[in-house]
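Enquirer: sequence and predicted structure, then a few things I'm wondering about:
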Amino acid sequence: MKSFNYIFCFIVLFLFVTSCSDSLTEKDKIRITREITTIVDNFLTPEINYDSHTNLRANVEGYVMGSDGAIIAESYGEYASSLKEAFKGIDRFLEMKPTKKYVYVLAKDAASCTCEFEGKLLATTGDTIIHNGCWTFVFKQINDQWKVVHENGTHTH
């Protein structure tokens, strides 16, 4: 009977230790928050372009993008095509910066970031266009890289 108790205690301890190994530590949350913050800061710059947009997103099943009250892309391919069309009217971004960012760590391989941003772009017509908004990105770590798998936002100008 004693050996059964020892075995039972060992199994319970083993299950407890292995179940805790997947839990997030405060250190994990801080590290992931810094990583996501850096990615968003590096993305929302005047150097923003078609490649930086598409490289941020994951070409995975289930990718969805909503914007300004509608789902505008139900796949990465659909997103990339619509973005290519949109960039035909943009000469370059003159200004772009995040003004507020809030990261929420969901798991060791998942996080969200909601941010407000301000920007100006020069259209191919020569017009300067205010490009401000608020966006939420859902990041998933894929092959050791953080990629956006879902997103939704609103342009305010």
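Expert: Alright, I've got the coordinates.
Enquirer: can you list the strands that the helix or strand where residue 119 lies pairs with?
Expert: In the assignment (DSSP states H and E), residue 119 maps to strand 110-123. Sheet pairing of strand 110-123 (DSSP bridges) gives strand 90-107 (antiparallel), strand 128-130 (antiparallel), strand 133-142 (antiparallel).
Enquirer: could you list the buried residues of the second one?
Expert: Going by neighbour count (16 or more other CB atoms under 10 Å), nothing in strand 128-130 comes out as buried. For the C-beta atoms, the positions are set from N, CA and C on the backbone; glycine is no exception.
Enquirer: would you pull up how far that strand lies from the middle of the chain?
Expert: 25 Å (CA atoms, centre = their mean, to the nearest Å).
Enquirer: still on that earlier bit, mind checking the strands paired with strand 110-123 for the one nearest to residue 59?
Expert: Nearest to residue 59, of all those, is strand 133-142, at 9.4 Å by CB to CB.
Enquirer: let me see the mean pLDDT of that closest one.
Expert: Averaging pLDDT along strand 133-142 yields 98.
Enquirer: how far does the strand holding residue 119 sit from the chain's center?
Expert: The mean C-alpha position of strand 110-123 is separated from the chain mean by 11 Å, CA atoms, centre = their mean.
Enquirer: alright, I will stop here.
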